[in-house]
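heads up, no residue letters with this:
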DNA sequence: ACAAAGTACCTCGCCTGTCAAGGTATTTCA
DNA sequence: TGAAATACCTTGACAGGCGAGGTACTTTGT
């Protein structure tokens, strides 16, 4: 993983909720999917992954059930709840606001060296 | 402060370095400036602020000196070092990469509800 | 036939960044 | 005179992330 973990911190919940917006899934697949989507630049550590699931379930944003695989390892599936969908929308909005703000703060108008948006130089 | 702190976490160092790219400044003013730039939506807690200064100075990215105010409270000024400028560029690039990634992950193509970029609906 | 690697789950305890709460000292202004 | 603003700092706690370790089954390669 090349992306520093702290930059993602606080977004893991949103990322998992987003993953479940497309339909039920299970931990291992969700994480592999993140890995693929980011070309291997990012994946959650398993310890983190299951902490997130637990936290989201306790908050009522997701619920879980055991799959009925007749073969292969057992899988615990997760589904997003209606409350979870609301929360997802909320968190996305929050991310938009926060990212605009960070953008503004790390590319201040008064910075003498313009490192930001280099294509606009 | 309306922005959840965890969303900013990991960016504070970059924000402080960015503040110093425009010239030397001191803690209280930097923080007030952040407050103003964000219309009061964000400011660092003082405890955090001074932790960041300490961390950055120990890393050699900034250096500090006491101002020679003849009046008013004493001020400790901070200056960004050449290494600090490099680090700033590095962190901005990292932010770009991370934010694009988060964007992609929380607005997945397979999400059934398109909450993202509503103006493009 | 057997080992290694892959799939899939989980827990414990540590680390790090943030911050609430507390403190100091000076100046300004009503 | 005393509150508010300016300006600095420290201690201890909390929460999220994760390293390290574990279980159990299946697939693949030799």
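Arrived safely. Computed from a predicted structure; not experimentally measured.

DNA strand C contacts on chain A?
A:6, A:26-29, A:32, A:46-47, A:50-51, A:53-54, A:72-77 (CB under 7 Å from any atom of the strand). Where you see a C-beta, it was placed from the backbone N, CA and C, and this is true even at glycine.

From these, list the ones also adjacent to chain B.
Filtering the residues of chain A next to DNA strand C for proximity to chain B (criterion: CB under 8 Å from any CB of the partner chain) leaves residue A:6.

could you flag which of the residues of chain A next to DNA strand C are buried?
Buried members of the residues of chain A next to DNA strand C, counted by 16 or more other CB atoms under 10 Å in any protein chain shown: A:26-27, A:53, A:75, A:77.

in chain A, which spans are strands?
A:25-26, A:62-66, A:76-80 (DSSP state E).

and the first one, is it in reach of DNA strand D?
This means strand A:25-26. No - Strand A:25-26 stays clear of DNA strand D (CB under 7 Å from any atom of the strand), getting no nearer than 13.4 Å.

neighbouring contacts of the helix-or-strand element of chain A with minimal mean pLDDT?
Every helix and strand in chain A was compared by mean pLDDT, DSSP states H and E; the lowest is helix A:5-8, with a mean of 82. Under the contact criterion CB atoms under 8 Å, 6 or more residues apart in numbering or on different chains, helix A:5-8 has outside partners A:15, A:42, B:9-11, B:94-95, B:98, B:102.

What helices and strands are in contact with the lengthiest helix in chain A?
Determined from DSSP state H, the single longest helix within chain A is helix A:82-106. Judged by 3 or more CB pairs under 8 Å, 6 or more residues apart in numbering or on different chains; DSSP states H and E, the packing partners of helix A:82-106 are helix A:12-21, helix B:5-8, helix B:12-21, helix B:27-37, helix B:82-106.

Show me how far it is from its chain's centre.
12 Å (CA atoms, centre = their mean, to the nearest Å).

Buried ones from the contacts of helix A:5-8, can you make that a PyMOL selection?
Applying 16+ other CB under 10 Å to the contacts of helix A:5-8 leaves a buried subset, and the PyMOL line that selects it is:
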select buried, (chain A and resi 15+42) or (chain B and resi 10+11+94+95+98+102)
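
Compile the contacts of helix A:5-8 into CSV and extend it with columns for pLDDT.
Converted to CSV, these look like this (pLDDT from 0 to 100):
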residue, pLDDT
A:15, 96
A:42, 90
B:9, 88
B:10, 88
B:11, 93
B:94, 92
B:95, 92
B:98, 91
B:102, 92
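
and the residue nearest in space to the middle of chain A, what does it touch?
In chain A, the residue lying closest to the centroid (CA atoms, centre = their mean) is residue A:15, at 1.6 Å. By CB under 8 Å, 6+ apart, the contact set of residue A:15 is A:8, A:34, A:44, B:102, B:105-106.

Good, wrapping up.
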